[in-house]
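Participant: got a predicted model here, sequence first, then my questions.
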Amino acid sequence: MEVNKIYNEDCLAGIKKIPDNSIDLVLIDPPYDICTSGGKKGNGKIVKDMMKLEKELIDNNLTNSFDIKILDELVRVMKNINIYIWCNARQIPMYIKYFNLQLKCKLEVVIWNKSNPMPLYSNKYMSDKEYCLYFRKGGYCKPKNYEDAKSVYISKINVADKKIYSHPTIKPLELIRKLIRNSSKEDDIVLDCFLGSGTTAVACILENRNYIGFEINKKYYDIALKRISEVVKEEDINE
Ligand SMILES: C[S@@+](CC[C@H](N)C(=O)[O-])C[C@H]1O[C@@H](n2cnc3c(N)ncnc32)[C@H](O)[C@@H]1O
């Protein structure tokens, strides 16, 4: 399978073409297992914004949990287990069971703390954080400075990037670059099976890593292709 290429296909089919023990780092952001509200009470702007986001996630198939079979394939293609997985609280037990209890991996948790969450806290805490679980067994984690070693990343929800790249769950590029710097070396191969708007591929280009990406949705695949080609062009100009 060619590296530095993204593929518009279901990752469960695409990953079969990747040889065993060939990937240095996996960084994935699969669809979250979301329990939708089914209609929140209230007519205020915040509730309306929340309902709009929920509808966008459902319409674009971003709320269905994914097929757990992909985990066996990811383990097959990694040289050593070295994997970051974005998830919500409901999915944490499933990953702990698979990677910690069954495969005896080490676990660390990286948190993206959003400094401007929607102020919704009726009978609950606010949605001001996202979890990224890091499992490794012989994997590589060598932050090179104090900032890179921090496990909590604080930033605003990137409304601008969401608008530019039209993806409702885009992750902060700087944070993804940091994870890649910390857990891979230059020229390593990084795999993202749920590429969305292409954040991982762009981070790899900027950090001199190779990438392979899968995105099932043609609309997001096209956005990622465009984003990647713009970054490659910029890099060429700066060289
Ligand atoms: C949470 S989003 C990833 C967002 C990404 N991290 C970013 O910064 O743009 C998950 C993506 O996985 C894609 N996806 C869902 N199931 C897939 C599958 N079986 N194979 C490939 N892509 C899939 C969705 O279309 C969605 O764009």
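Facilitator: On my side now, so go ahead. Numbering: from 1, shown residues only.

Participant: so what's N208 up against?
Facilitator: E186, D187 (Cβ atoms under 8 Å, 6 or more residues apart in numbering). All C-beta spots, glycine's among them, are computed from the backbone N, C-alpha and C.

Participant: any idea how far D188 is from it?
Facilitator: The gap separating N208 from D188 is 9 Å, by Cβ to Cβ, to the nearest Å.

Participant: likewise for I92?
Facilitator: Using Cβ to Cβ, I92 is found at 27 Å from D188.

Participant: any idea how far the one helix or strand Y221 maps to is from the chain center?
Facilitator: Assigned by DSSP states H and E, Y221 falls within helix 218-238. Centroid displacement of helix 218-238 relative to its chain, using Cα atoms, centre = their mean, to the nearest Å, is 18 Å.

Participant: return the helix or strand in this structure with minimum mean pLDDT.
Facilitator: When the helices and strands of the chain are compared on mean pLDDT, DSSP states H and E, helix 45-59 comes out lowest with a mean of 67.

Participant: remind me what the following helix or strand past that helix packs against, helices and strands.
Facilitator: Using DSSP H and E, the helix or strand that follows helix 45-59 towards the C-terminus is helix 69-77. Secondary-structure packing of helix 69-77 (3 or more Cβ pairs under 8 Å, 6 or more residues apart in numbering; DSSP states H and E): helix 11-14, strand 25-28.

Participant: quick one: closest of these to the ligand.
Facilitator: Closest to the ligand of the helices and strands packed on helix 69-77 is helix 11-14 (Cβ to the nearest ligand atom; 3.7 Å).

Participant: with adjacent residues omitted, what lies nearest to the most centrally placed residue in the chain?
Facilitator: Nearest residue to the geometric centre of the chain (Cα atoms, centre = their mean): D29, 2.9 Å. In this structure, D29 finds its nearest non-sequential neighbour in W86, 4.1 Å apart by Cβ to Cβ, 6 or more residues apart in numbering.
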